[in-house]
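Asks: My questions concern the predicted model and sequence given below.
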Amino acid sequence: MSERDRANLPPLALHVPEPRFRPGDEADFSDIVVPPAGATRRPDTADRADSFHELAYGLVRVLDDEGNAVGPWDLRLDADAKRRMLRAMALTRAFDERMFRAQRQGKTSFYMKSTGEEAVSIGAASALASDDMCFPSYRQQGILITRGYPIVSMMNQIYSNKADPLEGRQLPIMYSSKEYGFFSISGNLATQYPQAVGWAMASAAKGDTRISATWCGEGSTAEGDFHSALTFATVYKAPVIFNVVNNQWAISSFSGFAGAEATTFAARAIGYGIAGLRVDGNDALAVYAATQWAAERARTNQGPTLIEHFTYRAEGHSTSDDPTAYRSAGEPNAWPLGDPIRRLKEHLIKLGEWDEERHAAQDLELAELVKASQKEAEKNGILGHGMHQPFESMFEGVFETIPWHLREQQQQMLDEQKAAGL
C-alpha cells in the first residue's frame with residue numbers, strides 16, 4: 001500500500017506519558033479506585049495462579065478508615081506483633097531523619113529516605129523467616145532494622161569509616177549482611193531480581209526450606225533483568241517473592257514511563273503465569289498478610305508471586321533530588337492511602353493496645369537511641385575525614401587468595417606511598 005492509498009488515514013501520533021500534576025498544580029487523586037478494606041478475596045495458597053487474576057487489578061487492604069482490621073486478609077496478629085512493627089517503622093523513620101541531616105551537615109555524601117514506604121519493608125520482613133534471603137533495592141533499610149541489625153553498623157557504612165563493615169567499598173546506604181539475610185545492594189537497577197531467582201533456584205535444588213524475596217521500584221520493571229528473572233522463575237517455579245514498590249515516581253519521571261498508564265504492575269505476573277497481588281503499600285497488616293501468603297506458596301512449591309505495593313514516595317528520591325522541581329507540592333498530603341505509621345498506630349489505639357502518650361514516649365526514646373548511635377558511629381570517623389581503610393585493602397576481598405600479579409601491584413603501590421611520605 002502506497003502513501004497515496006493511505007491519504008485518508010490520520011497521521012500517526014507518538015504518545016508521551018505526562019504526569020497529571022506539575023509544580024503549582026493542585027493534586028487530586030480522586031480518580032484512584034480504593035476498594036473498601038476487606039473486600040478483596042483471599043484464595044487458598046494452593047490455588048492456580050490463573051484462578052485469581054482479578055487480584056492483580058484490585059487492592060488487598062486490611063485496615064479501614066476507622067482503624068479496624070477487617071476481611072479475609074486480616075491474620076489477627078497479636079498486639080505485641082503489631083507493636084513490634086510499629087516500633088520498627090518509627091525507628092526507621094527516626095533513623096532516616098537523623099541520617100538525612102548528617103548528609104546535609106557534610107558527614108556523608110548521599111542518603112535515601114523511605115518516608116511513607118516503611119510498611120513495605122517492615123511488613124514484609126516481619127512475615128518472612130529470619131533466614132530467608134532478601135535481595136533489596138536501596139529503600140529497604142527497614143528490613144535490616146526489623147531483623148535487629150545494629151544501627152551503629154548501618155551508620156558506619158553510611159560514613160565509610162574505619163568500622164564500616166564493607167570497608168568503604170560500597171556507596172553510602174548500600175548495606176550488605178549475609179548473617180542477617182540481606183544481599184548486597186546494587187545501584188544498578190533490577191540486578192537483584194535475577195540474583196534472587198538464582199538463589200531461590202539453588203535453595204530448591206538443594207532441597208532447602210528457605211526462600212528469597214526481592215524488591216525494586218516500579219521504574220525498574222522496564223529493565224531487562226526484571227523480565228529475565230520472571231522468565232526463569234516461571235520456568236523453574238522458583239521459590240521467590242517479587243516485590244514491586246510502586247511509589248509513583250522515579251527520581252524525576254513518573255510511573256507512566258514504566259507503563260502505569262496501561263495497566264497495573266501486578267498485572268505483569270499474569271503474562272508469566274505466576275501469582276500476582278496488588279496491595280495497599282501503606283497498610284502494614286496488608287503487606288504482612290500478602291507476604292505470608294506468597295511465602296507459603298513458595299515453600300509449598302507453588303512457585304513465585306509478584307506483589308505490587310501501591311504506595312507513595314513522600315519525599316525526594318534522595319538527598320540529590322528536589323521533588324518540588326517536578327511534582328505538585330500537595331501530592332504527599334493528598335495521597336489517599338495515608339501514612340503507614342499513623343494508620344497502624346490508630347489501629348492499635350482502637351484496640352486499646354496503644355495510646356498517644358505511649359507513642360510520643362516511644363518517638364522520644366527512638367530519637368535518643370538514634371542520636372546516641374550516631375555519636376558512637378562518629379567516633380569511628382565520617383566520610384571525607386582522611387583515609388579510614390589501609391591502602392593495601394583495595395586489593396583485598398575479590399579473590400580468596402590474591403594472585404601474584406596483584407601482589408606485585410600492591411607492593412608497588414605501598415613502595416610509592418612510602419616514597420611519597422604518605
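Replies: Noted; the coordinates are in hand.
Asks: For Asp355, which non-adjacent residue is spatially closest?
Replies: Leaving aside its sequence neighbours, Asp355 sits nearest to Ile349 (CB to CB, 6 or more residues apart in numbering; 6.0 Å). All C-beta atoms are positioned from the backbone trio N, CA, C, and that covers glycine.
Asks: quick one: contacts for that neighbour?
Replies: For Ile349, the contacting residues are Gly67, Asp355, Glu356, by CB atoms under 8 Å, 6 or more residues apart in numbering.
Asks: Nearest to Asp280, out of the residues you listed: which one, please.
Replies: Gly67 (14.0 Å; CB to CB).
Asks: Let me know the secondary structure of that closest one.
Replies: Three-state assignment for Gly67 (DSSP: H, G, I helix; E, B strand; the rest coil): coil.
Asks: Give the helix, strand or coil label for Val244.
Replies: strand.
Asks: List the contacts of stretch 20-37.
Replies: With contact meaning CB under 8 Å, 6+ apart, stretch 20-37 is reached by 58-59, 61-65, 68, 70-71, 283, 324-331, 333-337.
Asks: let's see it at 7 Å
Replies: Residues outside stretch 20-37 that contact it (CB atoms under 7 Å, 6 or more residues apart in numbering): 58-59, 61-64, 70-71, 324-331, 334-337.
Asks: got the domain boundaries for the protein?
Replies: Per the TED database, the structural domains of the chain span 36-380, 391-420.
Asks: any idea how far Gln157 is from Ala102?
Replies: 13 Å (CB to CB, to the nearest Å).
Asks: Show me which of these two is the more surrounded one.
Replies: Legend: neighbour count by other CB atoms under 10 Å for Gln157 and Ala102, higher for Gln157 (26 against 22).
Asks: Was I right to think the more buried one contacts Ser177?
Replies: No: here Gln157 does not reach Ser177: they are 9.6 Å apart, not a contact under CB atoms under 7 Å.
Asks: Which strands and helices lie in contact with the one helix or strand Lys82 maps to?
Replies: Lys82 is located in helix 79-104, with elements delineated by DSSP states H and E. Contacts defined by 3 or more CB pairs under 7 Å, 6 or more residues apart in numbering; DSSP states H and E place helix 79-104 against helix 118-127, helix 141-146, helix 340-351, helix 356-378.
Asks: just those: most buried one?
Replies: With neighbours defined as mean count of other CB atoms under 10 Å, the helices and strands packed on helix 79-104 peak in mean count at helix 118-127, which reaches a mean of 29.
Asks: ChimeraX command for the buried members of the contacts of stretch 20-37?
Replies: Buried members of those can be picked out in ChimeraX with the line below, counting by 16 or more other CB atoms under 10 Å:
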select :58,59,61,62,63,64,71,326,327,328,331,335,337
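Asks: and the contacts of stretch 20-37, which of them are in helices?
Replies: Mapping these onto helices (DSSP state H) picks out Glu331, Ala334.
Asks: Return the member of the contacts of Ile349 nearest to Val240.
Replies: Set against Val240, the nearest of these by CB to CB is Gly67 (33.5 Å).
Asks: I'd guessed that closest one sits against Glu346; true?
Replies: Yes: at 4.2 Å, Gly67 counts as touching Glu346 under the criterion of CB under 7 Å.
Asks: so what's His309 bridging to?
Replies: Beta-bridge partners for His309, by DSSP bridges, are Val245, Val279.
Asks: so what's it up against?
Replies: Val120, Asn243, Val244, Val245, Asn246, Val279, Gly281, Val287.
Asks: again, 6 Å this time
Replies: Residues near His309 by CB atoms under 6 Å, 6 or more residues apart in numbering: Val120, Val245, Val279, Gly281.
Asks: Turn the residues you listed into TSV, including distance to Ala205.
Replies: Shown next, in TSV, are these (distance: CB to CB, whole Å):
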residue	distance to Ala205
Val120	30
Val245	29
Val279	30
Gly281	32
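Asks: can you name the two of these that are farthest apart?
Replies: Val245 and Val279 (10.6 Å).
Asks: so what's Arg297 closest to, chain neighbours aside?
Replies: Going by CB to CB, 6+ apart, Arg297 has Thr45 as its nearest residue, at 4.8 Å.
Asks: That neighbour contacts Glu296, correct?
Replies: Yes: Thr45 lies in contact with Glu296 (CB atoms under 6 Å); the separation is 4.4 Å.
Asks: picking up where we left off before, for Pro172, which of the helices and strands packed on helix 79-104 is the nearest?
Replies: Here helix 141-146 is closest among those (CB to CB), at 11.3 Å.
Asks: Contacts for whatever helix or strand comes next after the closest one, please.
Replies: Using DSSP H and E, the next helix or strand after helix 141-146 towards the C-terminus is helix 151-159. Helix 151-159 is contacted by residues 95, 99, 108, 163-166, 172, 175, 373, 376-377, 380, 382-383 when judged by CB under 6 Å, 6+ apart.
Asks: Of these, just the buried ones, PyMOL syntax please.
Replies: A single PyMOL command is used to select the members of those judged buried by 16+ other CB under 10 Å:
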select buried, resi 95+99+108+163+164+166+172+175+373+377+380+382+383
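Asks: circling back: mind listing which of the contacts of stretch 20-37 are in strands?
Replies: Per DSSP state E, strands hold no members of these.
Asks: ok, and the closest non-adjacent residue to Ala267?
Replies: Ala56 (4.6 Å).
Asks: To what extent is the one you found buried, counted in neighbours?
Replies: Quick note: Ala56 (other CB under 10 Å) scores 22 neighbours.
Asks: One more: Ala233?
Replies: Ala233 has 28 nearby residues by other CB under 10 Å.
Asks: Figure out the helix or strand that it lives in.
Replies: Taking DSSP H and E as the criterion, Ala233 maps to helix 224-236.
Asks: what's the neighbour count on the closest residue to Gly106 other than its chain neighbours?
Replies: Nearest residue to Gly106, sequence neighbours excluded (CB to CB, 6+ apart): Gly384, at 7.1 Å. Under the neighbour criterion other CB under 10 Å, Gly384 is assigned a count of 12.
Asks: Can you tell me the SS state at Gly384?
Replies: coil.
Asks: what about it, distance to Glu356?
Replies: Gly384 is 41 Å from Glu356, by CB to CB.
Asks: same question, Ser328
Replies: Between Ser328 and Glu356 the distance, using CB to CB, works out to 31 Å.
Asks: that older thread, the residue nearest to Arg297: helix or strand, and which one exactly?
Replies: Assigned by DSSP H and E, Thr45 belongs to no helix or strand.
Asks: confidence score at it?
Replies: If you check Thr45, the pLDDT there is 98.
Asks: Check the one 5 residues further on too.
Replies: In this prediction, Asp50 carries a pLDDT score of 97.
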